[in-house]
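>>> Here is my input; please provide its structure:
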Amino acid sequence: MLRVDGLTVRFRLRDALVHAVTDLRLTLRRGELLAVVGESGCGKSVLAHTLLGLLPRNATVSGHAYLQVSPDADPVDLIHCGERRLAREVRGRQLGLIPQSPATALTPVRTGRRLLEETLRAHGHSREQAAAQAEQLAVDVGLNPHDLDRYPFELSGGMAQRLATALALASDPAVLIADEPTTGLDRSLVDHTLDLLRRRCDAGHAVLLITHDLSAARRVADTVAVMYASRIVERQPADQFFSAPAHPYSAALLDALPDRKFQPIPGHPPMLTALPAGCAYAPRCPLAIDRCGALPADRIVDAGTVACHRPRGASA
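As a prediction, the model looks like this:
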């Protein structure tokens, strides 16, 4: 349904160039929930905004991202199809977004009910159908239907997050990008939201879940892609990733979990304005050797790929 090939995003600042996404490649299939994980600032949200055409003017984008919502439909290159086509045919229709910051994405002068009903009517529902479906969507995301009569500024952060989720689902997109969709939710609502995303995939849709919460990925993901310093460094089936990660950074992320070693990763990620020529993780990596000064190519490991000169379990 979605194939990203060589996607690169740069932001030109007055005195620097931000390497936000570099040569990113991934595939999202029908029925699949792909979790993109990594520390804050590694480029995950930039990926989401790039696919939706929501980047600022100082962004430069190259590469391709093909969206094909059905086998008999022509693929749409989200990078090169133009804003007009994105706005009319793709964004909010074939490709939906649960935003990371719903407070800035919700229209402040409309109640949640009006936002939902207007969205549903724009997608072909009658007035009566829209009213009924709005209440059902509220129930689906764990929001009291009575709260739909509030304005966004009257909602708590968690309630605003659930309203944003309902709005993203209202158009029933074939592919849904969920950017930190559990922000501000308590544990029971986190699980409720994740299970809702899982059911969409089980019904034949696809979800790109962007999260720093590895427990969320473990609960629902089919596939995990690990992002570090603008690049995907590992992509594995979720079971394989959580049992035997191949990249040293992936292993360190898992070791930092409270139910594992609870061991923080030493050092800090590099600044995206000053990335090294070789492996960006090498200064923090206990397995680094001289050849890590050169950029590693992707290697096939089991059913996935890893960008590392010394994948875990391999000899030097």
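>>> List the contacts of V141.
Counting by CB atoms under 8 Å, 6 or more residues apart in numbering, V141 touches R162, L163, T165, A166, L169, H192, T193, L196. C-betas here are computed from N, CA, C, even on glycine.
>>> quick one: pLDDT of the fifth one?
Model confidence at L169, expressed as pLDDT, equals 95.
>>> Can I get the contacts of V141 in TSV including secondary structure?
Formatted as TSV, the contacts of V141 follow (DSSP: H, G, I helix; E, B strand; the rest coil):
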residue	secondary structure
R162	helix
L163	helix
T165	helix
A166	helix
L169	helix
H192	helix
T193	helix
L196	helix
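>>> Let me know the closest of these to N144.
R162 (9.7 Å; CB to CB).
>>> I'd like the distance between the closest one and L33.
Distance, R162 to L33, using CB to CB, to the nearest Å: 19 Å.
>>> who's more crowded, those two?
R162 (29 against 26; other CB atoms under 10 Å).
>>> shouldn't the more buried one be in contact with D140?
No: contact criterion CB atoms under 8 Å: R162 and D140 do not qualify, at 9.4 Å.
>>> helices or strands up against the helix or strand of the chain at the bottom of the mean pLDDT ranking?
Within the chain, no helix or strand scores below helix 102-105, which has a mean of 80 by mean pLDDT, DSSP states H and E. Helix 102-105 sits against helix 157-170, with contacts defined as 3 or more CB pairs under 8 Å, 6 or more residues apart in numbering; DSSP states H and E.
>>> distance of the residue sitting nearest the centre point of the chain from H19?
Per CA atoms, centre = their mean, the C-alpha nearest to the average position across the chain is that of I210, at 2.7 Å. Distance, I210 to H19, by CB to CB: 18 Å.
>>> cool, and L26?
Applying CB to CB to L26 and H19 gives a distance of 18 Å.
>>> ditto for A216
27 Å.
>>> what does S45 give?
15 Å.
>>> again with S156
Taken as CB to CB, the span from S156 to H19 is 36 Å.
>>> before we move on, back to that, which helix or which strand is home to the residue nearest to the centre of the chain?
Secondary structure assigned from DSSP states H and E places I210 in strand 206-211.
>>> for the record, mean pLDDT for that strand?
Mean predicted confidence for strand 206-211 is 97.
>>> burial measure for G31, as a count.
15.
>>> So what does it have for phi and psi?
For G31, the backbone dihedrals (degrees, to the nearest 10) come out as phi 80, psi 0.
>>> Hmm, it is touching A206, no?
Yes: assessed by CB under 8 Å, G31 is found in contact with A206 at 6.7 Å.
>>> Just the element for the residue nearest to L148 when sequence neighbours are not counted, please.
Distances taken as CB to CB, 6 or more residues apart in numbering place R113 nearest to L148, at 3.8 Å, with adjacent residues excluded. For R113, the host element (DSSP H and E) is helix 112-122.
>>> before we move on, what about V226?
With DSSP H and E as the test, V226 turns up in strand 223-228.
>>> list the helices and strands that strand packs on?
By 3+ CB pairs under 8 Å, 6+ apart, strand 223-228 packs against strand 33-37, strand 231-237, helix 238-243, helix 248-255.
>>> Please save the CA atoms from that strand in CSV.
Extracted in CSV, the C-alpha atoms of strand 223-228 (Å, rounded to 0.1, in the frame of the first residue of the first chain):
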residue,chain,number,x,y,z
THR,A,223,7.0,-5.0,12.0
VAL,A,224,9.4,-2.6,13.7
ALA,A,225,11.7,-0.1,12.0
VAL,A,226,14.3,1.6,14.2
MET,A,227,15.3,5.2,13.3
TYR,A,228,18.5,6.8,14.5
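>>> Report the angle between it and helix 248-255.
110 degrees (axes from the mean of the first three to the mean of the last three CA atoms, to 10 degrees).
>>> so how far is strand 223-228 off the chain centroid?
How far strand 223-228 lies from its chain's middle: 10 Å, per CA atoms, centre = their mean, to the nearest Å.
>>> and the angle for that strand with strand 33-37?
Using the same axes, to 10 degrees: strand 223-228 against strand 33-37 is 20 degrees.
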